[in-house]
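Participant: Would you be able to build a 3D model of this:
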Amino acid sequence: MLESSPPHPSDVCGVLVTFNPSRELGSNIDNLSSMIPHVIVVDNNSQVKNVRWIESIRSRRIEMIRNPQNLGVAAALNQGLQRAIDLGYSWALTLDQDSHPAADMVERLCAAHQQAHDPNCIVILAPRIVNRGLDKPTYYLRKRFGPFYERVYCDTGILESVSTVITSGSMINLKVFLELGGYREDFFMDHVDTEFCLRALKRGYKINVACEARLDHTLGQRREVRVLGLRLYPTFHPPQRWYTISRNRLVMMRMYALSFPHWFTYEIVASFYTLARMLLAEDNRREKLRAIWRGLLDGLRGRMGQGS
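Facilitator: Numbers count the residues shown, from 1 in each chain. Below is the predicted model of the structure:
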C-alpha cells in the first residue's frame, strides 16, 4: 500500500476529455480553473470548428493535448493523467465534457480525505452525481456478503468502500494510478471506469464518495419515458455504444466474477434491465440488438479496441 499525501485544491490538476463538445464547455472550464491551478484538455480529434474555439480559451492555467484520431476515453485519460504527473501533481480530477462541478466540489472532496478512516488506502474520492434534467437519484454499489449487494443513496457525510464510480468527477491518487498501470486502452470507452475501480479494489485500495460534493452529469441522451405505466430512463445510446457496452461487460465478467461476486450479480441484473428498457422505450432496436450480438461475439474472441 502506497502512502499518499492528503489532497489540497492547490495540488489537484484537472483532466478533461473532449470530442466535438458544445460551446457550453467554455464556461465549464472557466468554473473548473477557478477551483484548481491547472486544467489539461485532451481532445480526441474533434472537428476543426470545435478545436478552434477550444484552443481560443487556452491560457497559462489551461493547456490542450490534441490527438490526430479518436483514441478513446481510456487513452485520453492516460495521456492527461501522465501529463499531470509530469507537472508534479499528486492528485487529478477527471471530468467529462458534459459534467458541471459545483463551485465547492474540489474543496469538499479534499475535506472527505481528511475524514476517512483509512486515508492511505484511498485511490478515488468521488462526488454525489446528480442526473441533469431528471428527477432521479444516484445510488452506489456496495458489497453485502457473498453474491449479494446493496445500492446506497448518498446525501450527507461520506459513503465509504463503494465498489465502482464513474470517471467524471473522480479525484484520483496519481501514485496509485501509476502503480495500477492506468486505464485499459483496449476497452476504448465503456466500462473503462468500472474496470479500473475493480482492479484497484483487488489491490486493497478503497473508493469513497463525498456526498456533499456535487457534480451535475448527463449520461447519453437520457430522459424519462413512460411505458405501460412505468417510468423508465433509457440512455438512447447509438448502436456502436451498445456494441462496446456488451463486449466490455462480457470481458469484465470473465475477469472479475470470482473476485467480486456481488458486482457480478449486480451486472447480471443490470444487463437484463437495460436490455428490457431499450426494447421497451428506444428506437432502432433491431440494429442495437445486432450490435449487442457482435459485441458478445467479439468479447468471447478477445477482439478489443474501437470495434466495428
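Participant: CA atoms for contacts and neighbours, from now on please.
Facilitator: Will do.
Participant: All the strands of this structure, in order from the start?
Facilitator: For the chain, the strands defined by DSSP state E cover 12-18, 38-43, 62-66, 91-96, 100-101, 122-131, 139-143, 149-153, 158-159, 171-173, 206-217, 225-227, 230-232.
Participant: what about the second one, average pLDDT?
Facilitator: Confidence over strand 38-43, taken as the mean pLDDT, stands at 93.
Participant: List of residues touching it?
Facilitator: 12-19, 29, 32-33, 51, 61-67, 76-77, 79-80, 84 (C-alpha atoms under 8 Å, 6 or more residues apart in numbering).
Participant: Now with 6 Å, please.
Facilitator: 13-19, 61-66, 76 (C-alpha atoms under 6 Å, 6 or more residues apart in numbering).
Participant: Return the item of those residues having minimum pLDDT.
Facilitator: Arg61 (82).
Participant: Next, the contact list for that residue, please.
Facilitator: By C-alpha under 6 Å, 6+ apart, the residues touching Arg61 are His38.
Participant: Return the residue spatially closest to Asp104, with its sequence-adjacent residues excluded.
Facilitator: Nearest residue to Asp104, sequence neighbours excluded (C-alpha to C-alpha, 6 or more residues apart in numbering): Ala213, at 7.0 Å.
Participant: Out of the contacts of strand 38-43, flag the one nearest to Arg277.
Facilitator: Closest to Arg277 out of the contacts of strand 38-43 is Phe19 (27.1 Å), distances taken as C-alpha to C-alpha.
Participant: ok, now how distant is that closest one from Asp11?
Facilitator: Here Phe19 is placed at a distance of 27 Å from Asp11 (C-alpha to C-alpha, to the nearest Å).
Participant: Equivalent analysis for Tyr273, please.
Facilitator: Look at Tyr273 and Asp11: by C-alpha to C-alpha, they are 41 Å apart.
Participant: Show me which of the two is the more surrounded one.
Facilitator: The neighbour count for Tyr273 versus Asp11, taken as other C-alpha atoms under 10 Å, is higher for Asp11 (16 against 12).
Participant: Excluding chain neighbours, what is closest to that one?
Facilitator: Leaving aside its chain neighbours, Asp11 sits nearest to Tyr89 (5.8 Å; criterion: C-alpha to C-alpha, 6+ apart).
Participant: just for the stretch 1-150 of the chain, where's the confidence low?
Facilitator: For the stretch 1-150 of the chain, the stretches with pLDDT under 70 are 1-4, 50-51, 53-54, 57-60, 133-136.
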